[in-house]
Structure formats: C-alpha cells, structure tokens
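Q: got a sequence here, can you model it:
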Amino acid sequence: MDASEVADLIEAELPDAEANVTHPRGPDDEDHLAAFVVSPAFEGKSLVEQHELVYDALDEHMTTDIHALELKTYAPGEAPER
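A: Next comes the predicted model:
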C-alpha cells in the first residue's frame, strides 16, 4: 500500500490529524510502514489508546495490505521537532 494512501486514511478518520507515513525499508517494501501522527484526538489518551485510534482508522488494511506499522503518535504541542 502506498504511504500517501495510508496517510490519507489516517487524516480522513482522525480530526485535524497530520500524518507522515514512510516506507522505512525503502519503496519496494510496501507492506512495512512507519507513521508519525499528530492529532488533537490523542489528547488525554494513553499511548495504547492513541495507537488503537490509528489502527481503527486503517481498519481492514491492517490485516490485508499492511504487514507492519511502526507508530509514533502525539497530541499537538507534544511532538518533537522533525
């Protein structure tokens, strides 16, 4: 699955989210992804709850198109500079 498609899915499901998704092993390995996501939806949520929101946004793609997803999730103001 293309990284930009994954970012679009996350941003469509999480209010005001900004998602940066990459293929850490290179563009030929499309089923291993890394996502850096900032969303107000994460405020007051545990890390597990934040990740569940992202998994819910990706729905069936997590079992059909994405083999592995490295997640870094932050509420606004908590994200490190990139």
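Q: ranges for the helices of the protein?
A: According to DSSP state H, the chain carries its helices in the segments 3-13, 47-58, 61-64.
Q: neighbours of Leu53, how many?
A: Residues contacting Leu53 under the criterion other CB atoms under 10 Å number 18. All C-beta spots, glycine's among them, are computed from the backbone N, C-alpha and C.
Q: how far does stretch 57-67 sit from its chain's centre?
A: Computed by CA atoms, centre = their mean, to the nearest Å, the separation of stretch 57-67 from the middle of its chain amounts to 11 Å.
Q: just the C-alphas of that stretch, formatted as CSV.
A: Output in CSV follows, covering the C-alpha atoms of stretch 57-67 (Å, rounded to 0.1, in the frame of the first residue of the first chain):
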residue,chain,number,x,y,z
ALA,A,57,-8.7,4.4,11.0
LEU,A,58,-6.8,1.9,8.9
ASP,A,59,-9.5,-0.8,9.5
GLU,A,60,-9.2,-3.8,7.3
HIS,A,61,-6.0,-2.5,5.7
MET,A,62,-4.1,-3.6,8.8
THR,A,63,-4.9,-7.2,8.0
THR,A,64,-4.8,-7.1,4.2
ASP,A,65,-2.4,-4.5,3.0
ILE,A,66,-0.1,-3.6,5.9
HIS,A,67,2.2,-6.2,7.4
